[in-house]
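A.B. asks: what's the 3D shape of this:
(one chain, ligands or ions: 1)
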Amino acid sequence: MLTHFIGGEPVVAGKAFPVHDPVTGAVVRQACEADPEVVDRAVRAARQAARDWAAMPVGERAGWMRRLAEGIEARFDDLVAAEIADTGKPLDQTRTLDIPRGIANFRAFAEIASQRPEDAFHLPGVLSYTVRRPLGVIAVIVPWNLPFLLMTWKLAPALVSGNTVVVKPSEHTPGSAAVFAELCAEVGLPPGVVNVIFGHGPAGQLLVEHPGVDAVTFTGSTATGTAIMKSVADRVKRISFELGGKNAGLVFEDGDLGKAVEGAVKSVFTNGGQVCLCTERLYVQRPVFEEFCAALAARAQEIVPQPMISAEHREKVLSYYALARSEGAKVLAGGGVPAFGDHRDAGYFVEPTVVTGLSEWSRFNREEIFGPVCHVAPFDSEAEAIDLANGSEYGLAATVWTTNLDRAHRVAQRLEAGLVWVNTWYLRDLRTPFGGVKLSGIGREGGTRSLDFYSEPTTITIKLEQPDV
Ligand code: 6OD
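C.D. replies: Residues are numbered from 1 along each chain as shown. Model prediction:
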């Protein structure tokens, strides 16, 4: 049974709920559901720890971040196992991306915070400078698609900035957060600095609304993000949201077609398409459209499917496959449920799918699906490609495939997205601003932007009297 972790101690409280292995549908573990009392206890523990943690010099807190990174290295295999049990991710991806990013997140923010220069401004006889203060207690609401990567992406800058946290992982993926709680105790992190509670949406709602919580960082659906935004509006709590996407990929005829196809395979199908940065709309210049479609469809049929996180999410993705057909799409690959003939047949799989032939106004092309699926459409001119890519209510990420340097910059600068990758996808430098425009979110995290979100500046201005001479 996974127990909450509050004030440095395991806390058994609330009803048990089951967590399923998406590969087989079997129950892998039980976890405690946080009730109002548990949420209150966790926030109080975080508040109690906040003063001493905030008073610690940033260099010392950076030292704790490095110790947490070492703690992750020490529990690497347990974290890998927990993440795989809850998500069904492939071993290779979990070992090379999900868990190592946790280590990288803590190390990167230890450096970024300790090397950050202070601001100072001079006028004749006037000195102004800013000091940054932590916000207090941060609610960290983590989604199920990249549980450990995203939890640590938020925790590292929040903690190094001097805040304490209450983390609520998704009800589908509590495992790696539970191991992380244990390792916080193992490395001797002061009790109450990190608190972890488990539960469903209502537990998260109680947490974000708790008057002892000063700010909320959330990655997940736009619907949940707007609900959180409304519920914290009265208290003007700070929020940082990375929300949904309907990301476009543009393939120009001057692009390296082989690389563009492989790039599309990654950007559409990685993690079963369950990454907010995944491409769901591909636009391909007409002279290479047929060749691209044939190559992508062939590759889609070779891909080993990854499970959807839950039976419910699988139904959602399948409903979009059915919608595509009813809206008149031509299915180039997939479109159904794979038959493995083994234990996976009871799991939550869908086929990697490529469709074409739908209007830009179809629901399929407008709504986020969050599965291993994309629509491919032709375009004729650069201007049309940009309009098509920008014709979405979302604006998180985009990819551009071209070997024309001028075009690469020209197009990238006109795309309405927080992130544009050229001839690659999901290549990360943790110092860069990260986040989306339009319905894809509010605020930026990454590098010093994260430190800005997790702290408030106070400007101190001093009048310097000039001595009489
Ligand atoms: O790589 C990251 O830092 C990041 N925030 C990824 C988000 C993926 C969303 O599904």
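
A.B. asks: Can you pull up the residues of the stretch 351-469 of the chain that come close to the ligand?
C.D. replies: Neighbours of the ligand within the stretch 351-469 of the chain, by C-beta under 6 Å from any ligand atom: 428, 434. For every residue, glycine as well, the C-beta is placed using N, CA and C.

A.B. asks: What segments of the stretch 351-469 of the chain are strands?
C.D. replies: Using DSSP state E, counting those that start in this stretch, the strands assigned to the stretch 351-469 of the chain run over residues 353-356, 373-379, 394-395, 397-401, 419-422, 437-438, 441-442, 455-463.

A.B. asks: Check the stretch 101-250 of the chain too.
C.D. replies: Going by DSSP E, counting those that start in this stretch, the stretch 101-250 of the chain shows strands at 120-123, 126-134, 137-141, 164-168, 194-196, 215-219, 238-242, 247-251.

A.B. asks: Name the residue of the stretch 201-350 of the chain that lies nearest to the ligand.
C.D. replies: Closest approach between the stretch 201-350 of the chain and the ligand, counting by C-beta to the nearest ligand atom: residue 276, at 3.4 Å.

A.B. asks: Skip the chain neighbours and tell me the closest residue to that residue.
C.D. replies: residue 245 (5.0 Å; C-beta to C-beta, 6 or more residues apart in numbering).

A.B. asks: From the rest of the structure, what touches stretch 44-54?
C.D. replies: 6-7, 61, 133-134, 136-137, 159, 162-166, 190-193, 195, 212 (C-beta atoms under 8 Å, 6 or more residues apart in numbering).

A.B. asks: repeat that for 10 Å
C.D. replies: Stretch 44-54 has contacts (C-beta atoms under 10 Å, 6 or more residues apart in numbering) with 5-9, 11, 60-61, 64, 133-139, 159, 161-167, 189-195, 210, 212-214, 455.

A.B. asks: Of the residues you listed, grab the buried ones for PyMOL.
C.D. replies: Per 16 or more other C-beta atoms under 10 Å, the buried members of the contacts of stretch 44-54 correspond to this PyMOL selection:
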select buried, resi 5+6+7+8+11+61+64+134+135+136+137+138+139+159+161+162+163+164+165+166+167+189+191+192+193+194+195+210+212+213+214+455
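
A.B. asks: so which strand or helix has the closest residue to residue 16 other than its chain neighbours?
C.D. replies: Distances taken as C-beta to C-beta, 6+ apart put residue 30 closest to residue 16, at 4.3 Å, once the chain neighbours are dropped. Per DSSP states H and E: residue 30 is located in strand 27-32.

A.B. asks: any weak-confidence spans in this structure?
C.D. replies: The model of the chain has no residue with pLDDT under 70.

A.B. asks: Within range of the ligand, give me the residues from it.
C.D. replies: When proximity is defined as C-beta under 6 Å from any ligand atom, the chain approaches the ligand at 145-146, 150, 153, 219, 242, 275-277, 428, 434.

A.B. asks: among these, who's most crowded?
C.D. replies: Tallying neighbours with other C-beta atoms under 10 Å puts residue 153 at the head of the residues of the chain next to the ligand, with 29 neighbours.

A.B. asks: Please name the nearest non-neighbouring residue to it.
C.D. replies: Closest residue to residue 153 apart from its sequence neighbours, by C-beta to C-beta, 6+ apart: residue 105 at 5.2 Å.

A.B. asks: Equivalent analysis for residue 65, please.
C.D. replies: Distances taken as C-beta to C-beta, 6+ apart place residue 110 nearest to residue 65, at 3.9 Å, with adjacent residues excluded.

A.B. asks: Show the contacting residues for that neighbour.
C.D. replies: 58-59, 61-69, 156, 159-160.

A.B. asks: Tell me how far it lies from residue 277.
C.D. replies: 25 Å (C-beta to C-beta, to the nearest Å).

A.B. asks: Please apply the same query to residue 250.
C.D. replies: 15 Å.

A.B. asks: what do you get for residue 438?
C.D. replies: 15 Å.

A.B. asks: what angle separates the helix or strand hosting residue 37 from strand 126-134?
C.D. replies: In this structure, residue 37 sits in helix 36-55 according to DSSP H and E. Angle, helix 36-55 to strand 126-134, by axes from the mean of the first three to the mean of the last three C-alpha atoms, to 10 degrees: 140 degrees.

A.B. asks: Pull out the CA atoms of stretch 175-182 and give them to me as CSV.
C.D. replies: This file holds the C-alpha atoms of stretch 175-182, laid out as CSV (Å, rounded to 0.1, in the frame of the first residue of the first chain):
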residue,chain,number,x,y,z
GLY,A,175,4.7,4.8,-7.8
SER,A,176,7.8,6.9,-8.7
ALA,A,177,6.6,9.7,-6.4
ALA,A,178,6.4,7.2,-3.5
VAL,A,179,10.0,6.0,-4.2
PHE,A,180,11.1,9.7,-4.4
ALA,A,181,9.5,10.4,-1.0
GLU,A,182,11.5,7.5,0.5
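
A.B. asks: Can you give me the buried ones in it?
C.D. replies: Neighbour-count burial for stretch 175-182 flags 175-181 (criterion: 16+ other C-beta under 10 Å).

A.B. asks: Looking at those residues, spot the one nearest the ligand.
C.D. replies: Using C-beta to the nearest ligand atom, the buried residues of stretch 175-182 come closest to the ligand at residue 176, 15.2 Å.

A.B. asks: Could you tell me how many residues sit around the residue lying closest to the closest one once chain neighbours are set aside?
C.D. replies: Among residues not flanking residue 176 along the chain, residue 148 sits closest, at 4.1 Å (C-beta to C-beta, 6+ apart). Neighbour count for residue 148, taken as other C-beta under 10 Å: 30.

A.B. asks: Wait, residue 148 touches residue 178, no?
C.D. replies: No. In this structure, residue 148 is not within contact of residue 178 by C-beta atoms under 10 Å, at 11.0 Å.

A.B. asks: list residues touching both of those two?
C.D. replies: 82, 86, 169.

A.B. asks: Quick check: the residue of the stretch 51-200 of the chain found nearest the ligand vs residue 285, distance?
C.D. replies: Using C-beta to the nearest ligand atom, the single residue of the stretch 51-200 of the chain nearest to the ligand is residue 153, 4.7 Å away. Relative to residue 285, residue 153 is positioned 35 Å away (C-beta to C-beta).

A.B. asks: next one: residue 344
C.D. replies: 38 Å.

A.B. asks: about what we covered before: what subset of the contacts of residue 110 is buried?
C.D. replies: Using 16+ other C-beta under 10 Å, the buried ones in these are 58, 61-62, 64-65, 67-69, 156, 159-160.

A.B. asks: Next, the contact list for residue 382, please.
C.D. replies: Listed by C-beta under 10 Å, 6+ apart, the contact partners of residue 382 are 250, 252, 285, 402, 404, 407, 410-411, 414.
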